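*Asks:* here is my input; please provide its structure:
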Amino acid sequence: MRKKAQDLSLNVIIIAALTLLVLVILAVIFMGRTGMFRKESGDCGTVGGFCSRTGCTGTYEKETGYDCNLDNDKSVNEGQTIDGVCCVSA
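*Replies:* Numbers count the residues shown, from 1 in each chain. This is a model prediction of the structure:
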């Protein structure tokens, strides 16, 4: 009878470990896709805007929610004089 009780706890540990593994894999997949979505949706060009180092003029307004990277390095939004600001039609 003692062996049956031991098998039950081993089964619970194995099921819990597999469940945790599946959750970790799902989290990695979800976070990876979220990062891709952020990269695509965060670009100023995706909303029909353009990046400008001199600021927005005429019918264009500064939009802070989108990324500019005029110096083409790995960092975005380093300031108006480096990466520019996103200008979208008002």
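*Asks:* quick check, residue 31 in a strand?
*Replies:* No. With DSSP: H, G, I helix; E, B strand; the rest coil as the criterion, residue 31 is assigned helix and is not in a strand.
*Asks:* burial of it, as a residue count?
*Replies:* 9 (other C-beta atoms under 10 Å). Every C-beta, even on glycine, is put in place using the N, C-alpha and C of the backbone.
*Asks:* pull up the gap between it and residue 45, please.
*Replies:* Distance from residue 31 to residue 45, counting by C-beta to C-beta, to the nearest Å: 25 Å.
*Asks:* where does the prediction get shaky in this structure?
*Replies:* Scanning the chain for pLDDT under 70 picks out the ranges 1-7, 32-41.
*Asks:* show me where it has strands.
*Replies:* Assigned by DSSP state E, the strands in the chain fall at 50-52, 60-62, 85-89.
*Asks:* other SSEs contacting the last one?
*Replies:* Contact partners of strand 85-89 among helices and strands, from 3 or more C-beta pairs under 8 Å, 6 or more residues apart in numbering; DSSP states H and E: strand 50-52, strand 60-62.
*Asks:* tell me the domain boundaries of this protein?
*Replies:* According to automatic domain parsing, the chain comprises the domains 1-41, 44-90.
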